[in-house]
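>>> Could you look at this predicted model? Sequence included:
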Amino acid sequence: MIKYVAGLLSGILLGIIAAVALLYFNPLASRNPLSPLSVSNNEILSIGYSAVPTDSIVYTNNGESRIKPHPDTVRELWEAPIRRTDVLVTVVTDSRNNPAGIGIKFSSDSERTRLINGEALVDSAWHIHLVERGSMFVEQTENYWNFLRKIVLPAYWSTANHWKGVWNGNMTVGPGALGTAAVSGGTGEFAGLESEAVEAVSASAYSVSQGPVTMQGRLTIDVTGNVELTATDLLGR
Amino acid sequence: MLKTLIFGFLLGIVGTVAAAYYVPVVDQYREASVISVSPNGGNTESFRINIPTDRIMIGAPRQAEPLPAGLHWPAEERFDGVRVELFKVRNTRETVIGVASRMVADSDRIEDSVEWVIHLPARGTFYVTMPAEPATGGQRVGTLRAGTREFRPMQGEVSERWVPNTFDDDPDAPDGHIELVTSFVGTFSDDVTETALTEGTL
């Protein structure tokens, strides 16, 4: 009797390991499709930012994450309804990396996350003001599954608790049908803009204790018909 | 014995896959919304921000005492006309339910404006633009420009008002609060209905 119970438990354990391995190595979930905006002939506005919290003006979360709020005196989002939310306030740059405005990113873990589908989803919204140009709002769902698989977990598995390499990926997977974010213009030259965007991340170093060490984000925004691009904007094409 | 091992193996796979499918990884904490129906249709909801306790950040040039301490606002002169504030947002029961940004832009090239983004993690986010000059009584009324999830099919207005605290009894009481009142009406279309049906929210 005991040997059958031991056999059953061993089988269950092996099954769990096999299922977890299947989820982790699922080739269908590791796709990183080309952004539709990168092959578009439309007029594109490119906005960059540093995704490293210590480079930001303010970064805050629940205070219990490994990624610490910045500056360390900032109020933390510890209340239950906002515990799974991060806020980043940062300088955004144009395609020449010159400071162009201020961006505020709200990110909350999404309840639509399904690991079985290779989805670690985050609902995020950008509130962006480009100085002397105007403001806009960008709504998106991001999928961090590939980021977790390719960067965060290898960093944990590394004996140095550190990941180094080159990783580029599109984070945006919705709400647009082609995996694009929804852009709504607010003021200035963006007033009335209804468009699409894609956010991409380029990472080269990640630390378990600090989070991203070298990581750049870039929002590519379709502004066809609404905005007259400057020479600097056109350089980003 | 081998059959038991294989049975256990399959059970382990099926159990793990079923758990990954059915057990929610993320379950955002929800406070019951305090919404009232307007006589002319639509709904009204009030939010409040206690000052200074709910203020997370003030981003403005040349502050003597930046909030939070250690904040570095961009030194470039072109950022002088931009002021950014970050707050925690409460419902009328004084419970924190979200975060919000308020951006004020003062520029010679574009119209001056006040903008809000209110992010309620369990419900969605909405974006409002307001005129820079307040109306009579210090109130500003702005237009809902965009919304996500619960606020996606909405259109309407949001008002902003500073309400000073008139009770001096409690030394720890806030100086006052910012009152935000939304007045939204749903705009139903085939597209919205289909989306809701697909997502199972209808």
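Thanks, I have it. Quick caveat: nothing in here was measured; it's all calculated off a predicted structure.

>>> Show me which helix runs longest in chain A.
Secondary structure of chain A per DSSP state H: the longest helix is helix A:2-25.

>>> so how far is that one from its chain's centroid?
Here the centre of helix A:2-25 is set off from its chain's centre by 34 Å, with Cα atoms, centre = their mean, to the nearest Å.

>>> Check which residues of it are buried.
Across helix A:2-25, burial judged by 16 or more other Cβ atoms under 10 Å in any protein chain shown covers A:7, A:8, A:11, A:12, A:14, A:15, A:16, A:19, A:20, A:23. For every residue, glycine as well, the C-beta is placed using N, CA and C.

>>> Keep only those of those residues that are also close to chain B.
Residues of those in contact with chain B (Cβ under 8 Å from any Cβ of the partner chain): A:7, A:8, A:11, A:12, A:14, A:15, A:16, A:19, A:20, A:23.

>>> From residue A:20, how far off is the second one?
Read it as residue A:8. Residue A:8 is 19 Å from residue A:20, where distance means Cβ to Cβ, to the nearest Å.

>>> got it, and the third one?
Using Cβ to Cβ, one obtains 15 Å as the distance from residue A:11 to residue A:20.

>>> Minimum pLDDT in the buried residues of helix A:2-25, which residue is that?
Ranked by pLDDT, the buried residues of helix A:2-25 bottom out at residue A:23, which scores 83.

>>> hang on, it packs against residue A:119?
No: Residue A:23 lies out of contact with residue A:119 (Cβ atoms under 8 Å); the separation is 11.0 Å.

>>> Pull up the overlap in contacts between those two.
Both residue A:23 and residue A:119 are contacted by residue A:29, under the criterion Cβ atoms under 8 Å, 6 or more residues apart in numbering or on different chains.

>>> Can you list phi and psi of the residue lying closest to residue A:208 once chain neighbours are set aside for me?
The spatially closest residue to residue A:208, leaving aside those adjacent along the chain, is residue A:161, at 3.9 Å (Cβ to Cβ, 6 or more residues apart in numbering or on different chains). The phi/psi pair for residue A:161 (degrees, to the nearest 10) reads phi 50, psi 40.

>>> Residue A:161 - how many residues pack around it?
13 (other Cβ atoms under 10 Å in any protein chain shown).

>>> cool, residue A:78 as well?
12.

>>> What sits closest to it if chain neighbours are left out?
Per Cβ to Cβ, 6+ apart, closest to residue A:78 is residue A:62, 5.5 Å.

>>> Helices of chain B, start to end?
B:2-22, B:190-199.

>>> what's the least confident stretch among those helices?
helix B:190-199 (a mean of 58).

>>> So what does residue 134 look like in phi/psi?
Since no chain was named, I'll use chain A. phi 140, psi -170.

>>> if you could check chain B rather than the one you did, that'd help
Main-chain torsions, residue B:134, degrees, to the nearest 10: phi -70, psi 160.

>>> dump the residue contacts of it.
By Cβ under 8 Å, 6+ apart, the neighbours of residue B:134 are residue B:140.

>>> now residue A:102
Counting by Cβ under 8 Å, 6+ apart, residue A:102 has contacts A:57, A:89-92, A:128-129, A:131, B:59, B:74, B:79, B:82, B:84, B:103.

>>> From residue B:1, how far out is it?
With Cβ to Cβ as the criterion, residue A:102 and residue B:1 are 66 Å apart.

>>> in chain B, which spans are strands?
Applying DSSP state E to chain B gives strands spanning B:35-37, B:43-51, B:55-59, B:82-90, B:96-105, B:113-120, B:124-131, B:140-147, B:154-164, B:176-186.

>>> State the pLDDT value of the spatially most central residue of chain A.
Closest to where the C-alpha atoms of chain A average out (Cα atoms, centre = their mean) is residue A:171, at 5.0 Å. pLDDT for residue A:171: 93.
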